[in-house]
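In: Let's see this in three dimensions:
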Amino acid sequence: MSLRRVFILLKKEFKQGSKSFIFIWAVIAPIILSFVISMLLNMFVTRTPTLGIYDKDASSVVSELKKVKAIKVVEFSSEDILISNVKDGIVDVGIVLPDDFDNAIKSGKKTLVKSYVFGESYARNRAIIVTTFGYAVRKLAPVNANINIETENIGPKEVPVKERVLPLIIMISIFFGGFLIPSASLIEEKRKKTIEAIRVASTGSIEIILSKLMTGFFVSLFSGIFTLVINKVFVENPYFLITIIALGALMASLIGTILGIFIKDYATLLSIWKGFGIILFLPAITYMFPQVPAIIGKLSPTYFVIAPIIDIASGTLLTQSIVMYISGALITDILLMLFVVLYARKIEDYSFYLNEK
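Out: From the prediction side, this is the model:
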């Protein structure tokens, strides 16, 4: 195998693909769909993170918090009123600052801060509020602050609409292009009988397949990262997220490549996409509809890609889970890769399929 020939073919894929309707559709459709859904959800569902505060002693931290435009700060006259507003969802997080809070954090005295969290608040909003509060405290006491935050979840705990829909949006952005581009490209090569022409130029089946797989991978990776950015999921664990998106993009491209090796026409490809797509999207579907048993989502090969994104979006990602998710996605990709290598020469068996008919 020659990497030089692979990159020549890869360049050809992007150059010729930019003129193909299917290629353009596979690139643009998931991005537009993700953008439109995200915009609609942001318009009708999402709001500015709102922090409620009961401040017993006119702390300077409150003044610092009010300077930050990323959050809205609302002060309350008693802890009971603050709790009531958290229960009603008027504020995402409520914080009770104790007496003499400023002097306590400056002196390094261990200080207890009560925090009340609305059950349906977005994990992203909570993360922004916690980060902003930490920033305000560090402004006042850069070194000595010793704070213990006691958190209590109150109000309903149903997952917000946007967080339920987000995994499906990300799945579409990763798997649509990654799945469709290599499979459609291989079918087109067989239809136009160009594989044999490439083979005459001493280019191997693996090189042909690898170039198409890489095309799908890069498109899928770009779409996945773009979707995460516009949905602001990069608040925490950006490197882990990029790793998972890359493994997911590779998985999508490998599945698309396998189908491209065996499938002979577009009609069959689209039929399989409609049926097999449900299996791929099972983890996102079970998250959207909590009444569906979660175990069903774990049966899909995409579980190790979408589950960590769900955990990050909901603020429930555990450190020990990171290794499990990466290992699971990596093992799945390796098995798919072995399958591609094993059956790579099948594309030559079908290269004159249309003539034989």
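In: And the strands in the chain?
Out: In the chain, the strands defined using DSSP state E lie at 50-55, 72-75, 93-97, 110-118, 146-154.
In: Let me know which of the ones you listed is tucked in deepest.
Out: Counting by mean count of other C-beta atoms under 10 Å, strand 93-97 has the highest mean neighbour count of these, with a mean of 23. C-betas here are computed from N, CA, C, even on glycine.
In: picking up where we left off before, I'd like the strands of the chain laid out as JSON lines, including mean pLDDT and distance to Leu317.
Out: Converted to JSON lines, the strands of the chain look like this (pLDDT from 0 to 100; distance: least, C-beta to C-beta, whole Å):
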{"stretch": "strand 50-55", "mean pLDDT": "92", "distance to Leu317": "23"}
{"stretch": "strand 72-75", "mean pLDDT": "92", "distance to Leu317": "26"}
{"stretch": "strand 93-97", "mean pLDDT": "91", "distance to Leu317": "19"}
{"stretch": "strand 110-118", "mean pLDDT": "88", "distance to Leu317": "17"}
{"stretch": "strand 146-154", "mean pLDDT": "84", "distance to Leu317": "17"}
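In: want to try JSON lines for those strands, with distance to Gly277 as columns?
Out: Shown next, in JSON lines, are those (distance: least, C-beta to C-beta, whole Å):
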{"stretch": "strand 50-55", "distance to Gly277": "38"}
{"stretch": "strand 72-75", "distance to Gly277": "40"}
{"stretch": "strand 93-97", "distance to Gly277": "38"}
{"stretch": "strand 110-118", "distance to Gly277": "35"}
{"stretch": "strand 146-154", "distance to Gly277": "36"}
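In: Out of the ones you listed, the one nearest Met288 is which?
Out: Closest approach to Met288 among these is made by strand 110-118 (21.2 Å; C-beta to C-beta).
In: can I have that closest one written out in CSV, keeping just the CAs?
Out: In CSV, the C-alpha atoms belonging to strand 110-118 read as follows (Å, rounded to 0.1, in the frame of the first residue of the first chain):
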residue,chain,number,x,y,z
LYS,A,110,-13.4,26.8,55.9
THR,A,111,-16.8,28.2,54.8
LEU,A,112,-20.0,26.4,54.0
VAL,A,113,-22.1,27.7,51.1
LYS,A,114,-25.6,26.2,50.6
SER,A,115,-26.6,25.7,47.0
TYR,A,116,-30.1,24.7,45.6
VAL,A,117,-30.4,23.4,42.1
PHE,A,118,-33.5,23.3,40.0
